[in-house]
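**Q** below are the sequence and a predicted model for it; my questions follow.
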Amino acid sequence: MKISSVISSGLSLVNLSVNLFFLWLTLGWRVRRARRAFEKQLIRQGMTKKDAKKLGAQYSRLKDDMVNALKRSVIGHL
């Protein structure tokens, strides 16, 4: 195996890792914003804050489930 192909593979792996990290950060930020907006809208419609937070927590759980599924698929291919 040529050294250039090993270096190229290493750089591609680093690039993929960086992109996945930024995707994870962006997803977390967007989910947090969506959850807060959803909770505020529910409170405006007359729901209690406690109940709105319970429903809003589903956004975070869904994001966590998606991230865990991605981790399992990546680890499964290694």
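**A** Great, that's in hand.
**Q** what ranges do the helices span in this structure?
**A** Taking DSSP state H to define them, one finds helices in the chain at 3-44, 49-77.
**Q** redo these as JSON lines? Include mean neighbour count.
**A** For glycine as for every other residue, the C-beta is placed from the backbone atoms N, C-alpha and C. JSON lines is the format used below for these (neighbours: other C-beta atoms under 10 Å):
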{"stretch": "helix 3-44", "mean neighbour count": "12"}
{"stretch": "helix 49-77", "mean neighbour count": "12"}
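**Q** output the ones you listed as JSON lines; include the columns mean pLDDT.
**A** Formatted as JSON lines, these follow (pLDDT from 0 to 100):
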{"stretch": "helix 3-44", "mean pLDDT": "90"}
{"stretch": "helix 49-77", "mean pLDDT": "87"}
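**Q** tell me the contacts of Met47?
**A** With contacts defined as C-beta atoms under 8 Å, 6 or more residues apart in numbering, the neighbours of Met47 are Leu55.
**Q** can you list phi and psi of it for me?
**A** Note on Met47: backbone dihedrals following degrees, to the nearest 10 are phi -80, psi 150.
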